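[1] Coordinates only, no sequence provided:
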């Protein structure tokens, strides 16, 4: 397991198009989320301890902001080979059901979407405003390991500012986690 931080990406970058299959066997594109005031894309996977530690927080945030037209979307770009079988599509479906996920979980099997977004780690979190311009690219909070020790809920704060139309989100700390497992 290689620990990486998310890259610094310029705010205002437009969301990149995607066409990915969800664990429900449906195909999802940006158009599916056109009514969202904020779109939160989370590059994640099943096996990473950093994702496992914050998975319920993501579900809770989706629930908290659902009525405000905020949409979370999970994207798994890891190469599901014998070493990372936990990240296979079938295991994504199991994880989705077991965790009672309330947002789509998509597979980026050829990893083109992760490369377009310059995703580096799991979780790697991108928040787009209503115009689908990047407004936040950072961590969930200041303690991935222990939710009881969190003092700054940076992702939630950023979403609230985006919903108010604020452009200056403030300091953004990179997310960190396992490296994406690339095909090559």
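    Received it, and whenever you're ready, just let me know what you need. Everything quoted here is computed from the prediction, not taken from an experiment. Numbering: from 1, shown residues only.
[2] Centroid-nearest residue for this structure?
    The residue lying closest to the centre of the chain (Cα atoms, centre = their mean) is residue 42, at 0.6 Å.
[3] how much space between residue 149 and residue 178?
    For residue 149, the distance to residue 178 (Cβ to Cβ, to the nearest Å) stands at 21 Å. C-beta coordinates here come from the backbone N, C-alpha and C atoms, glycine included.
[4] who has more neighbours, the two?
    residue 178 (22 against 9; other Cβ atoms under 10 Å).
[5] Any buried residues in the lowest-mean-pLDDT helix or strand in the chain, and which?
    Counting by mean pLDDT, DSSP states H and E, the chain has its least confident helix or strand at strand 3-5, which shows a mean of 90. Within strand 3-5, the residues that count as buried by 16 or more other Cβ atoms under 10 Å are residue 4.
[6] If we ignore the residues flanking it in sequence, what's nearest residue 133?
    residue 12 (5.0 Å; Cβ to Cβ, 6 or more residues apart in numbering).
[7] Also residue 70?
    residue 38 (4.6 Å).
[8] for residue 35, same thing?
    Using Cβ to Cβ, 6+ apart and skipping the chain neighbours, the partner closest in space to residue 35 is residue 69 (6.4 Å).
[9] How about the contacts made by residue 106?
    18, 20, 21, 22, 23, 28, 73, 74, 75, 76 (Cβ atoms under 8 Å, 6 or more residues apart in numbering).
[10] Does the third one belong to a helix, a strand or coil?
    State at residue 21, reduced to three classes by DSSP: H, G, I helix; E, B strand; the rest coil: strand.
[11] Grab the nearest non-local neighbour of residue 49.
    The nearest residue in space to residue 49 (Cβ to Cβ, 6+ apart) is residue 178, at 7.4 Å.
[12] Then residue 147?
    residue 57 (6.4 Å).
[13] Equivalent analysis for residue 132, please.
    In space, residue 132 is closest to residue 15, 4.1 Å off (Cβ to Cβ, 6+ apart).
[14] Which residues are in contact with that neighbour?
    So residue 15 contacts 30, 39, 41, 126, 128, 132, 133, 134 (Cβ under 8 Å, 6+ apart).
[15] State the distance from it to residue 133.
    Relative to residue 133, residue 15 is positioned 8 Å away (Cβ to Cβ).
[16] next one: residue 139
    From residue 139 across to residue 133, the span is 20 Å (Cβ to Cβ).
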